[in-house]
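S.K.: I need the structure of the sequence given here:
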Amino acid sequence: MKQNSFTIVLTPPQQKKLITLLRDPRYTPVEVPHTQIAVSTETCRINLYTSGKCLVQGKGAEEWITFTLEPEVLGEARLGYEAVHDPESVQPHMGIDESGKGDFFGPLVIASVYTDAKTVEILKELGARDSKRISSDRVALQLASDIRKKLDGKFAIITLGIEAYNRMYASMKNVNRVLAWGHARAIETLLEKVPDCPRALSDKFGPTHRIESALMKNGKKIKMDQRTKAESDPAVAAASILARAAFLNALRKMEKDFGIETVPKGCSSKVKQIATELVADKGPGILLKTCKCHFRTADQVLAANGYTRADLSES
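M.R.: Below is the predicted model:
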């Protein structure tokens with residue numbers, strides 16, 4: 001699956017160059033909210049947002065970046081040169097990412113993926129990228145299936161079921177501590193398959209020592225790195241896709257187990273509505289089996305049915 005969507009952050013001078021370039025008559029202006037300029041061609045769309053991010057999408061996106069954006073605006077080649085710009089990304093290591101942390105319904109899923117130079121090339125060919133950039137659940141599930149087939153078993157998926165999650169949060173009182181525990185388990189499980197993996201990388205969600213302190217004997221030897229936007233790393237991007245697919249499958253199972261037509265993601269008004277209807281039908285205790293009960297949404301859902309958090313803990 002060829003990648004057809006790219007986001008590149010531009011400096012202010014680069015933004016000016018791009019705006020001048022896109023005012024050429026060969027580009028067709030389009031209206032897109034929050035952009036400095038947005039245009040289309042026969043094969044791609046280019047949006048320059050006020051944040052400085054340039055989004056290029058379409059079947060001709062890669063070609064336009066390679067032959068126009070890089071030489072005329074960036075002044076350097078980036079696509080296909082990951083090993084030059086981020087040499088650690090193609091060296092042996094594992095990436096860790098999670099799904100479900102911000103969702104009221106469903107479990108917390110953490111995945112780890114081992115990559116080396118050969119695997120990175122395979123992931124690139126598949127079009128693996130941060131799961132947050134994949135808008136379609138169907139695409140995410142298919143991509144996860146393709147990735148699993150190519151990894152030769154060198155991945156791990158840890159699913160912290162919602163009842164276990166609620167018990168753990170009640171004990172730890174902190175989401176990032178729960179997350180660190182999950183990351184540590186994902187690292188150690190993968191180390192059983194790839195014991196000589198030298199480094200682990202995850203997105204930064206708290207002090208690095210929090211994960212390190214959660215690691216047991218088998219994981220103490222690995223070098224632990226955290227950084228913002230770690231999903232740009234191929235191993236982390238692949239882990240994000242596997243975690244998202246596992247989370248989506250968990251929601252589908254929940255629909256069957258509890259007779260819910262569709263379990264919505266996130267923490268929207270629709271989520272609150274479905275949870276309120278669920279409690280009205282099955283009582284407050286159902287939240288402990290389906291939802292992350294430390295969310296404020298739990299109090300709102302309980303109140304909408306005439307319950308309090310005390311009723312939740314006693315049910």
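
S.K.: can we go C-alpha only for contacts and neighbour counts from here?
M.R.: Will do.

S.K.: contacts for stretch 53-62 next, please.
M.R.: With contacts defined as CA atoms under 8 Å, 6 or more residues apart in numbering, stretch 53-62 is touched by 3-10, 43-49, 65, 79.

S.K.: start and end of it, how far apart?
M.R.: End-to-end distance for stretch 53-62: 16 Å, by CA to CA, to the nearest Å.

S.K.: just stretch 250-267 next, same as before
M.R.: End-to-end for stretch 250-267, by CA to CA: 17 Å.

S.K.: any weak-confidence spans in the stretch 1-150 of the chain?
M.R.: Applying pLDDT under 70 to the stretch 1-150 of the chain flags the ranges 1-3, 76-87, 129-131, 133.

S.K.: so which residues of it form helices?
M.R.: With helices called from DSSP state H, counting those that start in this stretch, the stretch 1-150 of the chain shows them at 12-22, 61-64, 82-85, 117-126, 137-150.

S.K.: quick one on the thing from earlier: take the contacts of stretch 53-62 and keep only those in strands.
M.R.: 5, 6, 7, 8, 9, 45, 46, 47, 48, 49 (DSSP state E).

S.K.: nearest to residue 181 among the residues you listed?
M.R.: Lowest distance from residue 181 to the ones in strands among the contacts of stretch 53-62 (CA to CA) belongs to residue 7, with 31.5 Å.

S.K.: ignoring the adjacent residues along the chain, who's closest to the closest one?
M.R.: Once flanking residues are discounted, residue 7 sits nearest to residue 55: 4.6 Å by CA to CA, 6 or more residues apart in numbering.

S.K.: go on, residue 244?
M.R.: Closest to residue 244 by CA to CA, 6+ apart is residue 99, at 5.2 Å.

S.K.: now do stretch 280-298: distance to the chain's middle.
M.R.: Relative to the mean C-alpha coordinate of its chain, stretch 280-298 is positioned 25 Å out (CA atoms, centre = their mean, to the nearest Å).

S.K.: circling back to that earlier point, quick one: closest of the helices of the stretch 1-150 of the chain to residue 103.
M.R.: Per CA to CA, nearest to residue 103 of these: helix 137-150, 15.0 Å.

S.K.: for the residue nearest to residue 244, grab the count of nearby residues.
M.R.: Per other CA atoms under 10 Å, the neighbour tally for residue 99 reads 25.

S.K.: just checking, it touches residue 109?
M.R.: Yes - the pair residue 99 and residue 109 passes the contact test of CA atoms under 8 Å, sitting 5.2 Å apart.

S.K.: now do the shared contacts for those two.
M.R.: Here residue 99 and residue 109 have 243, 244, 247 as joint contacts, going by CA under 8 Å, 6+ apart.

S.K.: inside helices: which ones of these?
M.R.: 243, 244, 247 (DSSP state H).

S.K.: quick check on those residues: which are buried?
M.R.: 243, 244, 247 (16 or more other CA atoms under 10 Å).

S.K.: so what's the first one up against?
M.R.: When contacts are counted by CA under 8 Å, 6+ apart, residue 243 is found next to 97, 98, 99, 109, 110, 111, 157.

S.K.: for these, work out which two are farthest apart.
M.R.: Within the contacts of residue 243, 99 and 157 form the most distant pair, 10.8 Å apart (CA to CA).
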